[in-house]
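No letters, just coordinates:
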């Protein structure tokens, strides 16, 4: 039987990106080797074998949570951790196939470190990270170009913005992509950083919004709704 390393499965509302506000079931994988400095879910980094769940149990939990309200939810968001880590991808593909057969719409949160074509083709939507300098991780420009060229019709690029340097890096990357593949309709979302233990970063949000306006509004600035609602340290919300 297929087993998946799972941190948690929960029902909540999408807190970031262009689908903010959409209720759905989240499947959070356990295990990530990327190591972003400002990660808000470091508890998902370790590949804990005691977190393994049978694929059938994962699907059953999704079905149970999807039925809790008056009307069933048909959206699932797969996140992490890093669901696209090679240790996860075989099981991830089986999971997506099973959920699609049950009629679920699948959003995949991709860390921007790799593209797995079979998985990307099977998912309905892909949120692809562009790692800014404050994360301490770098996104390959070639990988970003490939994502936008091949999957831009069903995805968004998301970037966490902590300061002017992060904004400048995102702006430069967007320009480099346009140079390589020409103007495109890719939606880029900037998320002003909301760090664990931090009060609501109203000033940072205002500054990022103003930068976007001053630089011709190439991005959509969307905050992390769940953190504004519940605080930066709340989990599974």
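Sure, I can see it. Note that the coordinates shown come from a computational prediction; the quantities given were computed from them, not determined experimentally.

Does residue 99 touch residue 61 like I think?
No. Here residue 99 does not reach residue 61: they are 11.5 Å apart, not a contact under C-beta atoms under 8 Å. Quick note: C-beta positions are derived from backbone N, CA and C, even for glycine.

any common contacting residues for those two?
Common neighbours of residue 99 and residue 61, counting by C-beta atoms under 8 Å, 6 or more residues apart in numbering, are absent.

in the chain, which helix or strand is least confident?
Among the helices and strands of the chain, helix 225-230 carries the lowest confidence by mean pLDDT, DSSP states H and E, at a mean of 92.

how far is that helix from where the chain is centred?
Here helix 225-230 is found 16 Å from its chain centre; the criterion is C-alpha atoms, centre = their mean, to the nearest Å.

list the contacts for the nearest residue to residue 122 once chain neighbours are set aside?
The shortest distance from residue 122 to any non-neighbouring residue, by C-beta to C-beta, 6 or more residues apart in numbering, is to residue 96 (4.8 Å). Residues in contact with residue 96 (C-beta under 8 Å, 6+ apart) are 78, 106, 108, 119, 122, 123.

What mean pLDDT does whichever helix or strand residue 96 is part of get?
Using DSSP states H and E, residue 96 falls within helix 89-101. Throughout helix 89-101, pLDDT has a mean value of 98.

any idea which helix or strand comes after that helix?
Following helix 89-101 in sequence order, the next helix or strand is strand 105-110 (DSSP H and E).

name the helices or strands packed onto that next one?
With contacts taken as 3 or more C-beta pairs under 8 Å, 6 or more residues apart in numbering; DSSP states H and E, strand 105-110 sits against strand 75-79, helix 89-101, helix 117-122, strand 125-129.

Hey, what's the angle from the last one to strand 75-79? Just curious.
Read it as strand 125-129. Angle between the axes of strand 125-129 and strand 75-79 is 30 degrees (criterion: axes from the mean of the first three to the mean of the last three C-alpha atoms, to 10 degrees).

Parallel or antiparallel, which strands does strand 125-129 pair with?
Here strand 125-129 has these sheet partners by DSSP bridges: strand 105-110 (parallel), strand 155-161 (parallel).

Could you do the first one as well?
Each strand that strand 75-79 pairs with, and the sense of that pairing, follows from DSSP bridges: strand 23-29 (parallel), strand 105-110 (parallel).

Go through the strand ranked longest in the chain and flag the buried ones.
In the chain, with assignment by DSSP state E, the single longest strand is strand 3-13. Buried residues in strand 3-13, defined by neighbour count with 16 or more other C-beta atoms under 10 Å: 4, 5, 6, 7, 8, 9, 11, 12.

I'd like the distance between the fifth one and residue 85.
According to C-beta to C-beta, to the nearest Å, residue 8 stands 17 Å off from residue 85.

next one: the third one
The span separating residue 6 from residue 85 equals 13 Å under the rule C-beta to C-beta.
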